[in-house]
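Trainee: predicted structure and sequence below. I'll ask about it afterward.
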Amino acid sequence: MTRVSEAHVEIAGEVVGSIGVGLLALVGVGSNDTESDARYVAQKVIGLRIFPDGAGAMNRSLSEVGGAVLAISQFTLFGDVRKGRRPSFSAAGEPGMGRQLYDHFVEELRRNGTTVATGQFGAMMEVVSSNAGPVTILIDSQRTF
């Protein structure tokens, strides 16, 4: 997840989702993930205090700054490059399950009052962002790092 001053996603040259201040969330679903994992990550995204306060310290949450989320599905986050030169995606969730949990993540954000823009699950997308900071945070529901 990256803090942005603005971001948008295009498919075939057409903007399909855009936000101003907020977070660009690249969302990967693993083969062992569940709805509980999607909920956990959504709650972290909403509550993290990574936006600057008046003194410039990271002390404010997404809702406190009136920010939005651009959520992009990205199975390539599970690319394993430890062997050879071609990534293995065997740890990524299968597409049907991936779409269900990605949608659950987006709905959880919206249910909590967050404005969310999205790309299109499984589509080739051009993602454009102006990173603020830059500040990029990894959130792993399995807590492996």
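Mentor: All right, it came through fine.

Trainee: packing partners for the host helix or strand of A71?
Mentor: According to DSSP states H and E, A71 maps onto strand 68-73. Judged by 3 or more CB pairs under 8 Å, 6 or more residues apart in numbering; DSSP states H and E, strand 68-73 is in contact with strand 2-11, strand 14-19, strand 22-27, helix 95-111, strand 115-118, strand 126-136. From N, CA and C alone the C-beta is placed, and that goes for glycine too.

Trainee: neighbouring strands - and their directions - for the fifth one?
Mentor: Strand 115-118 has the following sheet partners, assigned by DSSP bridges: strand 68-73 (parallel).

Trainee: next, the angle from the partner strand to strand 14-19.
Mentor: 130 degrees (axes from the mean of the first three to the mean of the last three CA atoms, to 10 degrees).

Trainee: what about the residue at the greatest distance from the centre of the chain, helix or strand, and which?
Mentor: Going by CA atoms, centre = their mean, the residue of the chain most distant from its centre is G84, 27.9 Å out. Under DSSP H and E, no helix or strand contains G84.
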